[in-house]
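In: For reference, the sequence and a predicted model appear below.
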Amino acid sequence: MITVTRFDGTELIVNADLIEFVEATPDTVLSMTTGRKVIVRESPEDVVLATLVYKHNILLGPEIVQRS
């Protein structure tokens, strides 16, 4: 899951596995495999980066931070 921001400022958590493609038209539009489209404030590059970080955490696990 990744967090994106709608144009009204509300945050939305999206299942990154359901993103079919990302368009800049010039607003960023996420087209989901469900047929739904979501317009967000983030750039296409930011959406891709967030998706890559999400996938990395799924495959390799998040970094464990030790509290002192």
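Out: Cool, the structure landed. Numbers count the residues shown, from 1 in each chain.

In: So for stretch 4-11, what gets flagged as buried?
Out: Of all the residues in stretch 4-11, those buried under the rule 16 or more other CB atoms under 10 Å are Val4. C-betas here are computed from N, CA, C, even on glycine.

In: Can you give me the first-to-last residue distance of that stretch?
Out: 6 Å (CA to CA, to the nearest Å).

In: How far off centre is it?
Out: A distance of 12 Å separates the centroid of the chain from that of stretch 4-11, by CA atoms, centre = their mean, to the nearest Å.

In: now do stretch 1-9
Out: Using CA atoms, centre = their mean, the offset of stretch 1-9 from its chain centre is 8 Å.

In: For that stretch, give the mean pLDDT please.
Out: Average pLDDT, stretch 1-9: 95.

In: Make sure Val29 is actually in contact with Arg41.
Out: No: Val29 is beyond contact range of Arg41, at 11.7 Å (criterion: CB atoms under 8 Å).

In: which regions of this structure sit below the pLDDT cut-off?
Out: Along the chain, the model assigns pLDDT under 70 to residues 61-68.

In: Tell me who's in contact with Val48.
Out: Residues near Val48 by CB atoms under 8 Å, 6 or more residues apart in numbering: Val22.

In: And it, how far from Ile2?
Out: 10 Å (CB to CB, to the nearest Å).

In: got it, and Lys55?
Out: Counting by CB to CB, the gap from Lys55 to Ile2 is 10 Å.
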